[in-house]
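Peer 1: here is a sequence together with a model predicted from it:
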Amino acid sequence: MRLPALRLILSAVAVAAGAAVQALAQSNVYSVAIYAGGTSYQEVCSFEIPFPPYYYKVTERNRYEDADGLVIIDVGHEKERRGVLCRYWDVEFGTESFTVPLDRPQPLRARWLAAESVERERREKAWLATGFFQKKTFILTNRTDSLEDQDVLFELEQREKFKDGHWTRGMGPESNLFRITASANDMVIWDRIMKEFDKPRKK
C-alpha cells in the first residue's frame, strides 16, 4: 500500500479513535497535558499491535498561531497579536509520522518551516549514522525553555569557540528538556555550557 493511501486510512482511524476517547473522557474532571514553549501536548490514544506498523499513537497539540502559522508564546497576549487557537493531531505509526490539522490548513510559511524541520531531522540521523556526531538529552533542574532562560543560554553559547561548529539544539516537550546533536569535539563544550546554564540562580 502506498504511503499517501496509508496516511488517509490512518487519519480516519485517528479521527475515530480520538472521537471515542473524547466521548469517554467527557465525564472526567481532570485532564493531563504537557505545556512547553506556547504549546500544550495531550495524548489521545496509543497502542501496540502484533503486525506492521506495530506501534500507533495520536497526540493532540494545541497552540495560538499568528497569520503565518507561527506559534505565539507571549502568554496572556495571544489575542492582542491576533492569535488563533489551532489544534493538530500528530500521528505516529511505526517509524513514520504525520500531522492532521483539526481547525485550519497550515499556512504556507508554516508548511515550509515543517519541511525544513523534517530535512533537519534527516540530516541529524545521517550525521549520527557516521559515528562522528553524538546526541544527548539534558534534563535541567534550575532552567526552562522560557525566553529569559534562552537568552542566558545564547550568551553562554556566544562565549565559546566550537572546534567543529556543527551542532543543533532542540527543546521540549517538557519545558526543562534540551536535546543537543553535535560532533564529539563540540559535545564536550556543550556539556560544559549546560552545566553552567543549570547552576542555581543567584538570589
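Peer 2: That came through, no problem. Note that the structure is predicted; figures quoted are calculated from it, not measured. Numbers count the residues shown, from 1 in each chain.
Peer 1: domain boundaries for this protein, per the record?
Peer 2: Here the domain assignment for the chain is 3-106, 128-197, based on automatic domain parsing.
Peer 1: can I assume Glu60 sits in a strand?
Peer 2: Yes. Membership of Glu60 in a strand is supported by DSSP: H, G, I helix; E, B strand; the rest coil.
Peer 1: quick one, what contacts it?
Peer 2: Counting by Cβ atoms under 8 Å, 6 or more residues apart in numbering, Glu60 touches 18, 41-44, 87-90, 102. From N, CA and C alone the C-beta is placed, and that goes for glycine too.
Peer 1: buried ones among those?
Peer 2: If you count burial by 16 or more other Cβ atoms under 10 Å, the buried members of the contacts of Glu60 come out as 18, 41, 44, 88-90.
Peer 1: and the residues you listed, which is closest to Ala67?
Peer 2: Using Cβ to Cβ, Tyr88 is the member of the buried ones among the contacts of Glu60 that lies nearest Ala67, at 17.0 Å.
Peer 1: apart from its chain neighbours, what residue comes closest to that closest one?
Peer 2: Arg61 (4.6 Å; Cβ to Cβ, 6 or more residues apart in numbering).
Peer 1: is it true that the one you found touches Asp90?
Peer 2: Yes. If you go by Cβ atoms under 8 Å, Arg61 and Asp90 touch, sitting 5.8 Å apart.
Peer 1: overlap in contacts of those two?
Peer 2: Common neighbours of Arg61 and Asp90 (Cβ under 8 Å, 6+ apart) are Thr99.
Peer 1: near Val58, how many other residues are there?
Peer 2: Using other Cβ atoms under 10 Å, Val58 has 24 other residues around it.
Peer 1: give me the pLDDT for it.
Peer 2: Val58 carries a pLDDT value of 90.
Peer 1: quick check: it vs Pro101, distance?
Peer 2: Separation of Val58 from Pro101 (Cβ to Cβ, to the nearest Å): 14 Å.
Peer 1: got it, and Asp191?
Peer 2: Distance, Asp191 to Pro101, using Cβ to Cβ: 39 Å.
Peer 1: could you find the closest non-adjacent residue to Glu196?
Peer 2: Leu156 (6.0 Å).
Peer 1: so the one you found, which state does it fall into?
Peer 2: Bear in mind the rule, three-state DSSP; under it Leu156 is helix.
Peer 1: how about the contacts made by it?
Peer 2: 193, 196-197.
Peer 1: so Arg201 lies in a strand, does it not?
Peer 2: No. Assigned with three-state DSSP, Arg201 falls outside any strand and is coil.
Peer 1: burial count for it?
Peer 2: 8.
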